[in-house]
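fold the following.
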Amino acid sequence: MRQSVTPAAGAETRPPLLPEPATDELRLETIMGALAEPLRMTVARELLVNSDDFDHPCGWFGFDRPKSSLTHHFKVLREAGVIHQRQYGLERRSRLRTEDLNARFPGLLELVAAS
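Residues are numbered from 1 along each chain as shown. So this is what the prediction gives:
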């Protein structure tokens, strides 16, 4: 699992990334398993298609699910390598690992966007 990297001088200061697999450790079967669940596919697609260039809290997605259920789904996505997560106080915010996924599995995100 990869730990966070210290930001370069002058870079925006954000909390460190939560533990996640390094790009070269990403496995297609693990990612596909995570995306097989409809809610998790929706999270990935929303981050890909409608996300701005910042980390999003769970509430941004508008799901009517218990927080514990959402926490589980986001953890599965992070541990599979689909999203980055950072801890902002009591809140975890997420961002799609677009560059990593495109580098490791070209074309995968186009399939997610088309879903």
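
quickly run through the sheet partners of the helix or strand bottoming out on mean pLDDT in the chain, with directions.
Confidence across the helices and strands of the chain bottoms out at strand 56-57, with a mean of 83, counting by mean pLDDT, DSSP states H and E. Paired neighbours of strand 56-57 in the sheet (DSSP bridges): strand 91-96 (antiparallel).

buried sites along the strand it pairs with?
Using 16 or more other Cβ atoms under 10 Å as the test for burial, strand 91-96 gives R92, R93, S94, R95, L96. Where you see a C-beta, it was placed from the backbone N, CA and C, and this is true even at glycine.

show me what contacts the residue lying closest to the first one once chain neighbours are set aside?
The one in question is R92. Spatial nearest neighbour of R92, excluding adjacent residues (Cβ to Cβ, 6 or more residues apart in numbering): Q85 at 5.1 Å. Neighbour list for Q85: L17, L18, E20, D55, F74, R78, R92, R93, S94, R95 [criterion: Cβ atoms under 8 Å, 6 or more residues apart in numbering].

and those, which is closest to R104?
E20 (13.0 Å; Cβ to Cβ).

quick one, the helix ranked longest in the chain and strand 91-96 angle?
The longest helix of the chain (DSSP state H) is helix 67-80. Here the directions of helix 67-80 and strand 91-96 differ by 40 degrees (axes from the mean of the first three to the mean of the last three Cα atoms, to 10 degrees).

before we move on, the earlier item: which of the contacts of Q85 lies closest to D64?
Scanning those for proximity to D64, where the rule is Cβ to Cβ, the winner is F74, at 15.7 Å.

what's the neighbour count on G81?
24 (other Cβ atoms under 10 Å).

OK, contacts around it?
E20, P21, T23, E25, L26, R27, T30, I31, R97, D100, L101.
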